[in-house]
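**Student:** the sequence and its predicted three-dimensional model are supplied below.
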Amino acid sequence: MRKPFLAGNWKMNKTVDEAVELAKELVENVGDVKDRDILICPTSLCLTEVAKIVKGTSVKLGAQNMSFEDSGAFTGEVSADMLLAAGCDYVIIGHSERREYYHEDNEAVNKKAKKALEKGINAIVCVGEKLEEREAGKAESVVEDHLKGAFSGISGEDAVKITIAYEPVWAIGTGKTATPEDADNMHAFIRKTLADIYDEAAAEKMRIQYGGSVKDSNVDELMARENIDGALVGGASLKADSFARIVKFK
Ligand code: PGA
């Protein structure tokens, strides 16, 4: 059985004080939930303070990005060691906004995934097609390319430590969610692709989150699907009550 995994990606929102406030409210609401994994990903600047709030609770801490380098002259970057020292258990890798606005390609995503494995920080690797790619009938081939790129040179033993987030770009922040059926079909395709790269046993173990306009009003029907193991939530994770409801999906 795959444990449900609900993650909030706060993106470039919240000052340190606001982040601490939101984390406190969340801990009050879901800090003792045990049957599902809960993650929040504030900006790097907020990690140290938020870590103090979530410590010892069920809410885990993650970063939104990470360098594939260890240290040195890489202005503006943050390393895996820094994230671990700040209290992070997880890091989001290859989010579509990183791919689109900061030109991260499959090779960079792959290097980051390998660095995360080497350092022992849990990676959530994002994959997903753009609207024009879906309309051109290329959704599956794009997702397959993202997966093969991200997992290139990674062993099956390591691959199972990685979570995948399927986030169709056209559904992110737009209010348009993939139907639960469409999302589940793509998740099944992702699992089949993982089984082809590794084997059935590895593919069955791996968690696949859905992301893209997940809200308290649609989480239940998404989570009811066989291959949807969790959610990566943007907008609706910025309010404690809506994210708490998402965590407590029925
Ligand atoms: P959204 O973002 O929930 O605001 O659509 C999801 C994401 O980009 O992770």
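**Tutor:** Thanks, I have it. Model, not experiment: these values are computed from the prediction. Numbering: from 1, shown residues only.
**Student:** residue of this protein with the smallest distance to the ligand?
**Tutor:** Closest contact between the chain and the ligand, by Cβ to the nearest ligand atom, is at residue 234 (2.3 Å). Every C-beta, even on glycine, is put in place using the N, C-alpha and C of the backbone.
**Student:** so what's residue 211 bridging to?
**Tutor:** Per DSSP bridges, residues listed as beta-bridge partners of residue 211: residue 232.
**Student:** residues making contact with stretch 38-48?
**Tutor:** With contacts defined as Cβ atoms under 8 Å, 6 or more residues apart in numbering, stretch 38-48 is touched by 5-10, 12-16, 19-20, 23, 26, 30, 50, 54, 58-65, 78, 83, 86-90, 92, 237, 247.
**Student:** mind listing what's buried in that stretch?
**Tutor:** 38-44, 46-47 (16 or more other Cβ atoms under 10 Å).
**Student:** next one: stretch 165-173
**Tutor:** By neighbour count, with 16+ other Cβ under 10 Å as the criterion, the buried positions of stretch 165-173 are 165-172.
**Student:** ok, stretch 83-102 next?
**Tutor:** By neighbour count on 16+ other Cβ under 10 Å, the buried set for stretch 83-102 is 83, 86-99.
**Student:** out of the contacts of stretch 38-48, which are close to the ligand?
**Tutor:** Filtering the contacts of stretch 38-48 for proximity to the ligand (criterion: Cβ under 6 Å from any ligand atom) leaves residue 9.
**Student:** buried subset of the contacts of stretch 38-48?
**Tutor:** Listed as buried from these are 5-10, 13-14, 19-20, 23, 26, 30, 50, 54, 58-65, 78, 83, 86-90, 92, 237, 247; burial here means 16+ other Cβ under 10 Å.
**Student:** what sits against the nearest residue to residue 188 once chain neighbours are set aside?
**Tutor:** Counting by Cβ to Cβ, 6 or more residues apart in numbering, residue 188 lies nearest to residue 227, which is 5.0 Å off, once chain neighbours are set aside. In this structure, residue 227 makes contact with 184, 187-188, 190-191, 208, judged by Cβ under 8 Å, 6+ apart.
**Student:** measure residue 227 to residue 180 for me?
**Tutor:** According to Cβ to Cβ, to the nearest Å, residue 227 stands 10 Å off from residue 180.
**Student:** alright, I will stop here.
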